[in-house]
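1. Would you be able to build a 3D model of this:
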Amino acid sequence: MYQVDKDRDVVFIDLQVVGVENISSTSKYRPYFEILEDTVKENGFDIKGLHHEDYVCRLKIANTFRGRKNRSSLLLFRLYIDEKNRVRYVAMTAFRSGIFSTLDMYLQNAGWKRIFHIEITLERASMI
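-> Now for the predicted structure:
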């Protein structure tokens, strides 16, 4: 979760600069957005009066990122926007652990104030 306080268009420019691109519809990920929303509310953030927009994105990782080549990571973003179309908060989660360490540095350099991070871990069925 980041406190942003920027115009919506500027938020998208910030994300594009770090390599985030919008990739798909959010309907398949609705349960994860509900978890994200519950977490935001449980942590006491006052989001009353703000509407939200959801995005499923991919972070394109450069070849030098932690020695991995041409990998990408799925990210979910929920933007909390006021009546003047300014993004007040951005809640996000990733499906791969450790993805926030590099992303966080760039976003903070762009003026985003980190509040907390959420990483969702999916349980995988084991084959016996």
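
2. CA only for contacts and neighbour counts going forward, please
-> Will do.

3. low pLDDT regions in the protein?
-> Residue ranges of the chain with pLDDT under 70: 61-72, 117-128.

4. one more time with 80
-> Along the chain, the model assigns pLDDT under 80 to residues 23-26, 45-46, 60-73, 95-102, 116-128.

5. Count the residues that sit near the residue nearest to G49 when sequence neighbours are not counted.
-> In space, and not counting its chain neighbours, G49 is closest to D82: 7.0 Å by Cα to Cα, 6 or more residues apart in numbering. D82 is flanked by 19 other residues according to other Cα atoms under 10 Å.

6. which element follows the longest helix along the chain toward the C-terminus?
-> Longest helix in the chain, counting residues (DSSP state H): helix 30-42. Using DSSP states H and E, the next helix or strand after helix 30-42 towards the C-terminus is strand 51-60.

7. Which neighbouring elements make contact with that next one?
-> Secondary-structure packing of strand 51-60 (3 or more Cα pairs under 8 Å, 6 or more residues apart in numbering; DSSP states H and E): strand 20-24, strand 72-81.

8. Return the set of buried residues in the last one.
-> Just to be clear, that refers to strand 72-81. Residues 72, 74-81 are the ones in strand 72-81 that count as buried (16 or more other Cα atoms under 10 Å).

9. what does the shortest one give?
-> Under the neighbour-count criterion of 16+ other Cα under 10 Å, strand 20-24 has 20-22 buried.

10. What is the distance between that strand and the centre of its chain?
-> Relative to the mean C-alpha coordinate of its chain, strand 20-24 is positioned 11 Å out (Cα atoms, centre = their mean, to the nearest Å).
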